[in-house]
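Engineer: The amino acid sequence is not available; the structure is as follows:
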């Protein structure tokens, strides 16, 4: 603790300059390390960053230059996923990383969340706008005919049938996934334990070593409709428990999985 | 399917994480101008700003999980990435120039006033007032560091002042600026 107080005195002075990107690389690294373990300095840094953000955004009604978009579009063309940052590489690798995931899930719930999540490299992005959220699966059920295709899909001989099983002891079957060659897909017979209202089950497809969100299943899913990209078949599907708005990358170990 | 025009920024990022290119285009339409303006203000060159803007959005495409909506808006996040990349450009450019025996000061100063002028023309009145309420020494240290892309040590050398003084002015100035933004009702 003494060491930390010393750090606060010496490194704390640099927090303002750090928020402005105005430190030498070695100093910046020292401040980053200190802030990751010091909630008080982390708080000060957050405040400075908010202030700097206002300053940065202050003078800018300018339109985005279209010619730069052409360059961006050219740069990302055919980039179906960076190979250097797999969130999940395979089911096997995911198992090996489980302890790390559990840690991430635990600290995300705690007060030291921001700093610890940054250290672990798993940051979450909450989805704030439920009205416009893509692939909220329960929305499909509200629309007339949302599950119109389900009966046909269940008897379609070309459909792929997968069983989602729990990752816990016993590997209990929790639901069935029915995936048509067109990409239309359904989850049926869901038997997952109900969650508190501020949590949701989130379904992920593992494509190219990356977990891609397929959609939110809600807190007590039984049946859901979703779509998958038929051009990029998933190796596996996973279900995680996430905050109600959903996240862009899994923050917790899967509670259910299905291998394709 | 997602209605891009009305989707929230967070929804766009979720779609980007699913490799949905139109969502990236929409994020670019909303924030590309701000990113480009800031990069241009720091770098003093439209061409260099083009490069940084491209980097910022390609990075969003490749690592959307770096954005955490609990910690601020997408625009703030993209501007922070843009500033950091712009400063990297500036410093590598400055290092190269130093080898060519040109002073870093000249390089980072080139075009600075023009870009500042353009920037100030568009500055929100409340922000202008808040920034104007700072003591000159604090405002100058923050502007030189942030918009000039200088380290606090460079700022100290350029002003002929002790490094500790500049460090403290930046820190105190940011705290004061935060209060001024709150007073003027400038929203995060």
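Structural biologist: Great, that's in hand. What you see is a predicted model; the values in this text were computed from it and never measured.
Engineer: Residue of chain B closest to chain A, please.
Structural biologist: residue B:32 (2.7 Å; Cβ to the nearest Cβ). The way it works is simple: take the backbone N, C-alpha and C, and place the C-beta from them, glycine included.
Engineer: How about that residue, nearest residue that isn't a chain neighbour?
Structural biologist: Leaving aside its sequence neighbours, residue B:32 sits nearest to residue A:64 (Cβ to Cβ, 6 or more residues apart in numbering or on different chains; 2.7 Å).
Engineer: and the one you found, what pLDDT?
Structural biologist: Residue A:64 carries a pLDDT value of 88.
Engineer: hmm, back to that, quick one, what contacts the residue of chain B closest to chain A?
Structural biologist: Contacts for residue B:32 (Cβ atoms under 8 Å, 6 or more residues apart in numbering or on different chains) come out as A:64-65, A:68-69, B:53, B:57.
Engineer: Name only those of those residues that count as buried.
Structural biologist: Buried members of those, counted by 16 or more other Cβ atoms under 10 Å in any protein chain shown: A:64-65, A:68-69, B:53, B:57.
Engineer: Nearest to residue B:5 among those residues?
Structural biologist: Distances from residue B:5 to the buried ones among the contacts of residue B:32, taken as Cβ to Cβ, are shortest for residue A:64 (14.9 Å).
Engineer: Could you pull up the mean pLDDT of stretch B:155-172?
Structural biologist: 95.
Engineer: what about the strands in chain A?
Structural biologist: A:160-166, A:173-179, A:184-188, A:199-207, A:210-218, A:224-227, A:236-243, A:256-259 (DSSP state E).
Engineer: Give me the packing partners of the second one, helices and strands only.
Structural biologist: Spelled out, that is strand A:173-179. helix A:150-155, strand A:160-166, strand A:184-188, strand A:256-259 (3 or more Cβ pairs under 8 Å, 6 or more residues apart in numbering or on different chains; DSSP states H and E).
Engineer: still on that earlier bit, would you convert the contacts of residue B:32 into JSON lines that also reports distance to residue A:243?
Structural biologist: Output for the contacts of residue B:32, formatted as JSON lines (distance: Cβ to Cβ, whole Å):
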{"residue": "A:64", "distance to residue A:243": "31"}
{"residue": "A:65", "distance to residue A:243": "36"}
{"residue": "A:68", "distance to residue A:243": "34"}
{"residue": "A:69", "distance to residue A:243": "32"}
{"residue": "B:53", "distance to residue A:243": "32"}
{"residue": "B:57", "distance to residue A:243": "27"}
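Engineer: In helices only, show me those.
Structural biologist: A:68-69, B:53, B:57 (DSSP state H).
Engineer: Can you lay out those residues as CSV showing pLDDT and distance to residue B:18?
Structural biologist: Shown next, in CSV, are the ones in helices among the contacts of residue B:32 (pLDDT from 0 to 100; distance: Cβ to Cβ, whole Å):
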residue, pLDDT, distance to residue B:18
A:68, 92, 23
A:69, 92, 20
B:53, 97, 23
B:57, 97, 16
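Engineer: Out of the residues you listed, which is nearest to residue A:173?
Structural biologist: Comparing the ones in helices among the contacts of residue B:32 against residue A:173 with Cβ to Cβ places residue B:57 closest, at 42.8 Å.
Engineer: and the gap between the closest one and residue B:142?
Structural biologist: Per Cβ to Cβ, to the nearest Å, residue B:57 is found 27 Å from residue B:142.
Engineer: Looking at the helices and strands packed on strand A:173-179, spot the one closest to chain B.
Structural biologist: strand A:184-188 (13.4 Å).
Engineer: tell me the angle of that closest one relative to strand A:160-166?
Structural biologist: 40 degrees (axes from the mean of the first three to the mean of the last three Cα atoms, to 10 degrees).
Engineer: list the helices and strands strand A:184-188 packs on?
Structural biologist: helix A:150-155, strand A:173-179, strand A:224-227.
Engineer: Would you single out the least confident of the ones you listed?
Structural biologist: helix A:150-155 (a mean of 72).
Engineer: quick one: contacts of it?
Structural biologist: With Cβ under 8 Å, 6+ apart, helix A:150-155 has contacts from A:159, A:178, A:180, A:184-186, A:188, A:223, A:225.
Engineer: For the residue nearest to residue A:238 when sequence neighbours are not counted, which residues are in contact?
Structural biologist: Distances taken as Cβ to Cβ, 6+ apart put residue A:254 closest to residue A:238, at 4.0 Å, once the chain neighbours are dropped. Shown in contact with residue A:254 (Cβ under 8 Å, 6+ apart): A:94, A:167, A:204, A:238-240.
Engineer: try residue A:174
Structural biologist: A:164-166, A:190-192, A:239, A:256.
Engineer: Buried ones only from those, please, as a PyMOL command.
Structural biologist: In PyMOL syntax, the buried subset of the contacts of residue A:174 is picked out as below (16+ other Cβ under 10 Å):
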select buried, chain A and resi 164+165+166+190+192+239+256
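Engineer: that older thread, can the helices and strands packed on strand A:184-188 go into a markdown table with extra columns for distance to residue A:14?
Structural biologist: Shown next, in a markdown table, are the helices and strands packed on strand A:184-188 (distance: least, Cβ to Cβ, whole Å):
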| stretch | distance to residue A:14 |
| --- | --- |
| helix A:150-155 | 59 |
| strand A:173-179 | 51 |
| strand A:224-227 | 48 |
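Engineer: Fine, thanks again, bye for now.
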